[in-house]
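*Asks:* okay, here's the prediction I keep looking at, along with the sequence it came from:
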Amino acid sequence: MAKVITEENLRSLIDLLIKAGKRVIGPKRAGEMTIYEPLASGSELTPGTLPRRSAKEAFFPLSETILSFQKDRDGLKVDDVDTASFPETVLVGALPCDAAAPQVMDAVFSWDYKDEFYLERRRRTTIIGLSCTSADDSCFCTLVGLSPTDTKGSDLFLTPLAGGGYSCEAVTDRGEQLLAGYPELFTEAATVTPIPAAQPEGAPVDLAKVKVWLEEHFEDEIWEEVANRCVGCGACAFLCPACHCFDIVDEGTEQKGSRRKNWDACAFSKFTNHASGHNPRDVQNKRYRNRFMHKFKYYDDKFGKTLCTGCGRCIRYCPVGIDIKGILEEIGKKSLSTKDTKGHEANHHG
Amino acid sequence: MKSTGKPEPTVTIDTSGYAVATEEIRSEAKRLLLEKIVDAVVGYQSGRRKGSAVPVIITDPAQAEQLVFSPACVNNLSIYLTKAKKEIRAKGKLAVVAKGCDLRALAGLMGESQFKREEVVIIGVTCAGVHSAGVQPNEPLTSATIAKKCRECSVHIPEGADLIVGKLPLLPDLTPTEKELLEKLDAMTPGERWEYWKEQFTRCIRCLACRQVCPFCYCEQCLCDRGRPQAVDTSPRPSGNMGWHIVRAMHLAGRCSGCAECERVCPMDIPLNLLNRKMAQELKELYQYEAGLTPQEKGPLTSYDEKDDQSFIK
Amino acid sequence: MKHDFEPKIVAFVCTWCTYAGADLAGTSRMLYPSNVRVVKFPCTGRIDPVFILKAFQKGADGILVSGCHPGDCHYMAGNFHARRRFAVFRKLLEFIGVDLNRLEFSWVSAAEGGKWVEIVTELTEKIRSMGPLTQFTDLNDEEQWSGALSNPELKAVYDQV
């Protein structure tokens, strides 16, 4: 038996959640595109297409205040942000590549320093994932160990059905609670026919071997080849569901202002610029190399996870067509002929 | 905002000349490299995605076979020739593949002493148009997939290039959608325009793709990156975004060559070229200045006339 | 006389002509509204449009840019360059949707203390009648949805349901 919810009831669920005081974030139409945004009602939900920006914003905003200050006759007053005021949130309609990203980022935000801004938002958010039914030539979740039906990161997972509606799978206790909280909206069905899942082109890549190859090819002509054309904007990092670098700036006047945490990108030339003027990543291809290494090597070294979910946004919106899927495939091929860490000759595949 | 007129029937644009152009680009690039006239050629090559084309810098005559020209050749390659691209200029003398709109940018850059005419070999491509942003690269070029700037193109043939390749087909008449949108904005009240731009700029995430892809944003130190003094707030939120886009438009006034790359690359679909175009229009009215295919020694804002209009000054 | 609204007006002036002109007005004991805050520059050619923008963002209700008459520039052509730059910048602001009545330009020489008084008084009264400029300062309090600590717009929706 499978739990099933109709399209209409899913929208009612959103309305009920909003009524219960929760902030519901989901894909919403904005002009020509869809963006994850707070929904004012269930009718605004536009599921199915990959929103332009990733869902990481629900936990890691573009720009957020981390403290504010005010100076008057009585002196300087500094106000911390009350993380307890963060809204209880339900993220609905997150595709697997977006739903899987926060659980990758959790590691870095709770590592040597506990980032309460991120972690508190995470604690207060329930994720309703949605199985993906359409892929284009930039999609590559299957290359990085995920799939269009992967429930990783979701609390509740919806699969669109051929006759309309969704079958629902509770992945975590939280998902279970959500199901139990609104029993009237769900029905049981003996059999369900899901809409066939998307099938991104390309064979899975052996990420362990890729990592070994990267280890040995910090200096390699491939970086110039693929990234000499990089113009150094932050589109890739800002649209990425897993990129998490930020910068801290003070803004305001002498009397009043705030300290803010803003998205940053390793492609920016200022990212590693030292106060002395020296820049260890002095040319653009070294910056791109860092992006790739961070995703497929450094993050894995540190946290045992790959910092990429294969959503393909960076490919679609790169001004100069830098293609992380193509690069990954190419390195995947190259890595088959390199020796692994134990010194064994890796298997060759025709 | 879309054109309110009747939806025009989709017309296919003849791009058979692009195959000819591809052949001619290849043989010219090969010759230039073999005869050591240049050390590197900046052109387009096919990407992994079907039909896609991406910028490439080749130094080996054997690589010339990779070069292509197609409706997916959207990039303005002149950015790779500015003084900011040290690692590319270090390769030596460069040749560059340029459409008419790109040649306008090259002319502008020469006017700003980024390089001298004799330092660069320009392979001009006769162009019927390229894709609009977001179009799947393997789609055919039609009135529905063509870039806005190409609908009103006046430089299909890059006159003044060292060599002009390809041939121009018969071109259909296309409605000038951007011009119409500009007129619509001009007809609004200031309050309505403010609301329009506020909505557009609020979406901005400050990825700075518009700046990075602009041939004229070659400054080593951007005013908008400076912290002390901080001219423009760097946070991606409404106030700083408004500041950034006003400063960007102002710094490009009288310099912008109208390639519309800023608008193409914007991941948030902000119609940035409207601002540049408006400025160009004003500069034409005020000082009869227009970006052209040949370098001009002085831009309209780096020169003056004692008789300039000053009716707005008390 | 007491007013309900005292506009904040920033005057960007060149040191050679307008600043001296304003000084002359002062030493001649001419009266003019104290709403104007004078910021002195070497030349109108040094006045970057970004200063005007910044002033609006930080709460100016009106702005005056003033320098030497054409031909009188201490640096020969600074004001000629400024004239073009501001002619264009006005058009840009107008296109963005700023009311140009809030931005005034003038030539005031070192001898024109009277003209300074006249221009400042006129501008102050005009801005006073227009009321405060809030379009830029309102933006200071706005956030992207994800960075907003509380979302009044959404709260209104919640209150309704």
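*Replies:* Yes, it's here.

*Asks:* quick one: least confident helix or strand in chain C?
*Replies:* Least confident helix or strand of chain C, by mean pLDDT, DSSP states H and E, is helix C:152-160 with a mean of 56.

*Asks:* host element of B:Asn276?
*Replies:* helix B:273-287 (DSSP states H and E).

*Asks:* do stretch B:111-129 and chain A meet at all?
*Replies:* No: Stretch B:111-129 stays clear of chain A (CB under 8 Å from any CB of the partner chain), getting no nearer than 15.8 Å. In this view, the C-beta of every residue, glycine as well, is placed from N, C-alpha and C.

*Asks:* tell me which residues touch the closest residue to chain A within chain C, please.
*Replies:* In chain C, the residue that lies nearest chain A is C:Ser146 (3.5 Å; CB to the nearest CB). For C:Ser146, the contacting residues are A:Glu57, A:Ala58, A:Pro61, A:Leu62, A:Glu64, by CB atoms under 8 Å, 6 or more residues apart in numbering or on different chains.

*Asks:* can you list the domains in chain A?
*Replies:* Using automatic domain parsing, the domain ranges for chain A come out as A:2-63+A:77-189, A:207-336.

*Asks:* could the ones you listed go into JSON lines alongside mean pLDDT, distance to chain B and mean neighbour count?
*Replies:* Below are those laid out as JSON lines (pLDDT from 0 to 100; distance: least, CB to the nearest CB, whole Å; neighbours: other CB atoms under 10 Å in any protein chain shown):
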{"stretch": "domain A:2-63+A:77-189", "mean pLDDT": "95", "distance to chain B": "4", "mean neighbour count": "19"}
{"stretch": "domain A:207-336", "mean pLDDT": "95", "distance to chain B": "3", "mean neighbour count": "19"}
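
*Asks:* which one of these lies closest to C:Val50?
*Replies:* Smallest distance to C:Val50 across the domains of chain A (CB to CB): 15.8 Å, for domain A:207-336.

*Asks:* start and end of the closest one, how far apart?
*Replies:* Its start and end residues considered, domain A:207-336 measures 11 Å (CA to CA, to the nearest Å).

*Asks:* what does stretch C:54-71 give?
*Replies:* With CA to CA as the measure, the ends of stretch C:54-71 fall 29 Å from one another.

*Asks:* report the buried residues of that stretch.
*Replies:* Neighbour-count burial for stretch C:54-71 flags C:54-57, C:60-70 (criterion: 16 or more other CB atoms under 10 Å in any protein chain shown).

*Asks:* among the residues you listed, which are located in strands?
*Replies:* Using DSSP state E, the members of the buried residues of stretch C:54-71 that fall within strands are C:Gly62, C:Ile63, C:Leu64, C:Val65, C:Ser66, C:Gly67.

*Asks:* not including adjacent chain positions, what is the nearest residue to the fifth one?
*Replies:* It refers to C:Ser66. Spatially, and ignoring its direct neighbours in sequence, C:Ser66 is nearest to C:Thr18 (4.0 Å; CB to CB, 6 or more residues apart in numbering or on different chains).

*Asks:* got the contact list for that neighbour?
*Replies:* Going by CB under 8 Å, 6+ apart, the list of residues near C:Thr18 reads C:Ala11, C:Ser66, C:Gly67, C:Cys68, C:Ser106, C:Trp107, C:Val108, C:Ser109, C:Trp116.

*Asks:* can I get the contacts of C:Ser146 in CSV including secondary structure?
*Replies:* Shown next, in CSV, are the contacts of C:Ser146 (DSSP: H, G, I helix; E, B strand; the rest coil):
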residue, secondary structure
A:Glu57, helix
A:Ala58, helix
A:Pro61, coil
A:Leu62, coil
A:Glu64, strand
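
*Asks:* can you give me the end-to-end span of stretch A:278-294?
*Replies:* Start-to-end, stretch A:278-294 (CA to CA) is 22 Å.

*Asks:* next one: stretch B:151-166
*Replies:* End-to-end distance for stretch B:151-166: 19 Å, by CA to CA.

*Asks:* residues making contact with it?
*Replies:* Residues outside stretch B:151-166 that contact it (CB under 8 Å, 6+ apart) are B:17-18, B:20-21, B:24-25, B:28, B:69, B:98-104, B:107, B:121-129, B:143, B:168, B:171, B:174-179, B:293-294.

*Asks:* how about stretch B:269-278?
*Replies:* A:31-33, B:133, B:148-149, B:178, B:181-182, B:185, B:200-201, B:203-204, B:210, B:245, B:248-249, B:252, B:256, B:258, B:260, B:262-263, B:266, C:91-92, C:95.

*Asks:* just the residues you listed: which are in helices?
*Replies:* Counting by DSSP state H, those place B:148-149, B:178, B:181-182, B:185, B:200-201, B:210, B:245, B:248-249, B:252, B:262-263, C:91-92, C:95 in helices.

*Asks:* ok, back up a step: which of the contacts of stretch B:269-278 count as buried?
*Replies:* A:33, B:133, B:148-149, B:178, B:181-182, B:185, B:200-201, B:203-204, B:210, B:245, B:248-249, B:252, B:256, B:258, B:260, B:262-263, B:266, C:91-92, C:95.

*Asks:* name the element whichever residue of the stretch 101-250 of chain B sits closest to chain C belongs to?
*Replies:* In the stretch 101-250 of chain B, the residue that lies nearest chain C is B:Trp194 (2.8 Å; CB to the nearest CB). Counting by DSSP H and E, the element that carries B:Trp194 is helix B:190-202.

*Asks:* mind listing what's buried along that helix?
*Replies:* Judged by neighbour count using 16+ other CB under 10 Å, the buried positions of helix B:190-202 are B:Pro190, B:Arg193, B:Trp194, B:Tyr196, B:Trp197, B:Lys198, B:Gln200, B:Phe201, B:Thr202.
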